[in-house]
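In: I'd like to go over a predicted model; first the sequence, then the structure.
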Amino acid sequence: MSEQLILVRHGETLHNVAGIAQGWADSELSDKGQEQVRRLGERLRRHKCDALFASPLGRALTTATAIRDILGLEITVLEDLREMSYGDWESRSFLDIRRDDAGIYERWIVDPEERSPNGESHGEVRRRMERAFEAVSAAKRPLLVTHGTAIRIGATALLDVPVMASRNFAQDNAAINVFFWRVDRWVLKTWNDTTHCIGI
């Protein structure tokens, strides 16, 4: 059983800068993102992680590789750590999505089982994040490199709160989120910590 679990968001991508929905599509890290993940790896030394897991998407793997090079941990890829699939919304601006698909977007942000067009619902992402947490549970101090929405939804599973509460949680690029196991529950110790990125 894990005693500490750390969720890390990938570094800034070119699509992040442009406000474009990525989902299962991908985008390279920006120059800023590359510096973020270098600092992220150095910062993670203090947490004494014993296993490294990553989403298969390129931006997460690039981030995990930078961490691996510093911590010396082998990367295990977990499909369940993928970002939410936004389906037909991927590679589009979020501003355009809210304007052009207002009806389904308004349902998608309140109904846990409402899917984006040809994409996933919040509930579906929560269930696969729960599978991911089970898959890493043999490690005492696992580190999971994943994505903004996946982390926010995953946090609702760990804290046993409604999945749509995820919309109230900020999650910045290269952020560190630390949970500790206490007797019978996960306790959130650190959320959205990006102090290692100050000055970039």
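Out: Cool, got the structure. Numbering: from 1, shown residues only.

In: buried residues in the longest strand anywhere in the chain?
Out: If you go by DSSP state E, the chain has its longest strand at strand 185-193. Residues 186, 191, 193 are the ones in strand 185-193 that count as buried (16 or more other CB atoms under 10 Å). Using the backbone N, CA and C atoms, a C-beta is placed for each residue, glycine as well.

In: where does the most centrally placed residue in the chain land on pLDDT?
Out: In the chain, the centroid-proximal residue (CA atoms, centre = their mean) is residue 147; its distance is 2.6 Å. What the model reports as pLDDT for residue 147 is 98.

In: just give the nearest non-adjacent residue to it, would you?
Out: residue 83 (3.6 Å; CB to CB, 6 or more residues apart in numbering).

In: now do the contacts for the one you found.
Out: 22-24, 55, 57, 146-150 (CB atoms under 8 Å, 6 or more residues apart in numbering).

In: for the protein, what spans make up the strands?
Out: With DSSP E as the criterion, the chain has strands spanning 4-9, 51-54, 75-77, 142-146, 176-182, 185-193.

In: what pairs with the last one, parallel or antiparallel?
Out: Paired with strand 185-193 in the same sheet, following DSSP bridges, are strand 176-182 (antiparallel).

In: quick one: mean pLDDT over the strand it pairs with.
Out: Strand 176-182 carries an average pLDDT of 97.

In: pull the distance from that strand to the chain's centre.
Out: Here strand 176-182 is found 14 Å from its chain centre; the criterion is CA atoms, centre = their mean, to the nearest Å.

In: tilt between it and strand 142-146?
Out: 140 degrees (axes from the mean of the first three to the mean of the last three CA atoms, to 10 degrees).
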